[in-house]
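>>> With the sequence up front, the predicted model follows.
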Amino acid sequence: MAAVSAASRVHVRAPRPGDGAAVAALWKELWDVHESWGGYPGAKDDLTYVRVQTRIEHEARARQGSIVLGRHLHLVATLDGQVIGQVEGWSDRYGIDPTTPSTCEVRSLIVNEHARNCGAGAALLDGLGRAAVECTASPTVLAAEVLEPNPAHAFYARCGYAPVAYNLRKSTASPNDKWPERARVAQPRDALAIAILEAALANRRKRLGDQRFDPPRAVDAAWLGAITAHLQNGSQMPVDVVALDAQGAVRASATLLVMTLDPPFLPVRRAALTRASVDPALDPAPLVESLVDFASRVSARWGAQTLEITDLGAPESVIHDAAVRAGARPWSRVVTRLWHPARP
């Protein structure tokens, strides 16, 4: 009689009433290991995870056996009937171009430490990919942010995921005065310069194979009007920031977000500088330095101890290395895989 492999006994499904305690325990395991790698700290008290358990139970009843609940997707993996892993997804769309795929963010993928190497992680990702394309009935990018100390990089590569963006992080405690202060909050009069820089950002993403966002587009009156209207918000979060050259012209832009993390994270402030774009004809170092220094100062005033610089190219690319010279260090990378609907 042939042996039955562990992989053949792994099943993935939607959470059911009664799974809450096992899923909450997986969440605590995930947050503890992320904190050990330098991630944001998670709650230690039992009450927080009792609340997680209660939420999972309520959602399971609302799902009625479906993986999808609104834009939230949730799957658990079982081995011989016991819950040993889980993954969540959040379905969204980051563009308006009809050729841009939908995106499903992979969140909180975890397999119990004592049940690894049985195929549960790959089964969860496969199940999430199939559910995501069924939900949208269109090509969908699955995207996962993986911390640099996380040993799962090889796992994602085996599952067909490739890096498309790199993220750095630095302390906000010691702003650098090496470069003159030439950054500020963007104003409506900066709309044309930001639109041109947005095109440069779209081209960079295209070169990196990042399919989550729209391809480059021509600058037109409608787009300029939309950017101008957006910039009327001023200093409300998220806030657009720009860096200037010696003549005061806008030559770089980015978006800064400062937010308070939700449980089971401890309620600390997280700051992220994303969508950085620099005039490709100029030396990026002083412009990126100005953006990072300004964002660090603002983030510190909002109570964030660290600043993530996200959505960058690979190490040794010009903007990435300019951010490193500004004091940032490797933090995480985003890996993606494009899923297509099954053929009839």
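Now that the structure is in, tell me what you want to look at. Since the model is a prediction, treat every value here as computed from it, not as a measurement.
>>> Now do the strands in the stretch 51-200 of the chain.
68-69, 72-79, 82-92, 102-111, 140-147, 162-171, 183-185 (DSSP state E, counting those that start in this stretch).
>>> looking only at pLDDT, what's the mean for the first one?
Right, the one you point to is strand 68-69. The average of the pLDDT scores along strand 68-69 is 96.
>>> and that strand, what does it pack onto?
Secondary-structure packing of strand 68-69 (3 or more Cβ pairs under 8 Å, 6 or more residues apart in numbering; DSSP states H and E): helix 46-63. All C-beta spots, glycine's among them, are computed from the backbone N, C-alpha and C.
>>> And the helix it packs on, what does it pack against?
Using 3+ Cβ pairs under 8 Å, 6+ apart: helix 46-63 touches helix 20-36, strand 68-69, strand 72-79.
>>> Out of those, which one sits most buried?
Among those, strand 72-79 has the highest mean neighbour count (mean count of other Cβ atoms under 10 Å), at a mean of 22.
>>> what sits up against the least confident helix or strand in the chain by mean pLDDT?
Every helix and strand in the chain was compared by mean pLDDT, DSSP states H and E; the lowest is helix 221-231, with a mean of 91. Residues from elsewhere that reach helix 221-231 (Cβ atoms under 8 Å, 6 or more residues apart in numbering): 186-188, 190-192, 194-195, 198, 217, 240.
>>> Can you name the element that comes right after it?
Using DSSP states H and E, the next helix or strand after helix 221-231 towards the C-terminus is strand 239-244.
>>> which other helices and strands contact that following strand?
Secondary elements touching strand 239-244 (3+ Cβ pairs under 8 Å, 6+ apart): strand 183-185, helix 191-208, strand 250-260, helix 284-301.
>>> ok, that strand: who's next to it in the sheet?
Strand 239-244 has the following strand partners under DSSP bridges: strand 183-185 (antiparallel), strand 250-260 (antiparallel).
>>> Point out the most buried one among the ones you listed.
For the strands paired with strand 239-244, where neighbours mean mean count of other Cβ under 10 Å, the stretch averaging the most is strand 250-260, with a mean of 22.
>>> hmm, back to that, can you redo the strands paired with strand 239-244 as CSV, where the extra columns are distance to residue 268 and mean pLDDT?
Output for the strands paired with strand 239-244, formatted as CSV (distance: least, Cβ to Cβ, whole Å; pLDDT from 0 to 100):
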stretch, distance to residue 268, mean pLDDT
strand 183-185, 24, 94
strand 250-260, 7, 97
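>>> Kindly state which of these is positioned closest to residue 62.
strand 250-260 (26.2 Å; Cβ to Cβ).
>>> Direction-wise, compare that closest one with helix 191-208 and give the angle.
80 degrees (axes from the mean of the first three to the mean of the last three Cα atoms, to 10 degrees).
>>> Can you list the low-confidence ranges for the stretch 151-300 of the chain?
Along the stretch 151-300 of the chain, the parts satisfying pLDDT under 70 run over 174-180, 234-235.
>>> so what's residue 109 closest to, chain neighbours aside?
Distances taken as Cβ to Cβ, 6 or more residues apart in numbering put residue 87 closest to residue 109, at 4.3 Å, once the chain neighbours are dropped.
>>> Any idea what that neighbour is bridged to?
Note on residue 87: beta-bridge partners by DSSP bridges are residue 75.
>>> Tell me the spacing between it and residue 275.
Distance, residue 87 to residue 275, using Cβ to Cβ, to the nearest Å: 27 Å.
>>> neighbour-wise, which of these two wins?
For residue 87 versus residue 275, neighbours defined as other Cβ atoms under 10 Å are more numerous around residue 87 (25 against 18).
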